[in-house]
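J.: sequence? don't have it. structure:
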């Protein structure tokens, strides 16, 4: 069975929440099966795990989830134990005492104190236009 991606099952509207049983039902419906069976539940666990690892799903409570973007919104600190950046680039990081801009490439932070980084967030968007006084 080819498991569907979470993007195919739930919208990224910032409102819809779901649990594993909801994902199992969505998979059964997606595959055109009449009822939820154990293989749908196993697949749901895999879909949730992959979604969390890729940053497409965030855990709200113990067993409640919501779609999210692999990019963090500026101003949203992400705990490194929960998720690492899905896309290489520069990020703001927090090491417990200061905020530093650090690159993230090939699954690693590009700095000597990477083990001390506890949180990260995306950089803000660049200005749309520059007007000189």
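T.: Okay, I see it. Because the structure is predicted, anything quoted here is derived from the model rather than measured.

J.: pretty sure residue 28 sits against residue 38.
T.: No - with contact defined as CB atoms under 8 Å, residue 28 does not reach residue 38; the gap is 11.3 Å. Every residue, glycine included, has its C-beta placed from N, CA and C.

J.: so between those two, which is more surrounded?
T.: Using other CB atoms under 10 Å as the criterion, residue 28 and residue 38 rank with residue 28 on top: 19 against 8.

J.: and that one, that one's in a helix?
T.: Yes - looking at residue 28 with DSSP: H, G, I helix; E, B strand; the rest coil, it is inside a helix.

J.: what kind of secondary structure is residue 120 in?
T.: Residue 120 ends up strand, using three-state DSSP.

J.: how about the nearest residue to residue 13, chain neighbours excluded?
T.: The shortest distance from residue 13 to any non-neighbouring residue, by CB to CB, 6 or more residues apart in numbering, is to residue 67 (7.5 Å).

J.: I should have written residue 33 there, sorry.
T.: Leaving aside its sequence neighbours, residue 33 sits nearest to residue 40 (CB to CB, 6+ apart; 7.1 Å).

J.: what does the helix or strand the one you found falls within contact?
T.: Counting by DSSP states H and E, the element that carries residue 40 is helix 38-54. For helix 38-54, contacts defined as CB atoms under 8 Å, 6 or more residues apart in numbering pick out 1, 3-6, 9, 20-21, 23-25, 27-28, 31, 33, 56-59, 65, 67, 70, 83, 86.

J.: restricted to buried residues, select the residues you listed in ChimeraX.
T.: A single ChimeraX command is used to select the members of those judged buried by 16 or more other CB atoms under 10 Å:
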select :3,6,9,23,24,25,27,28,56,57,58,65,67,83
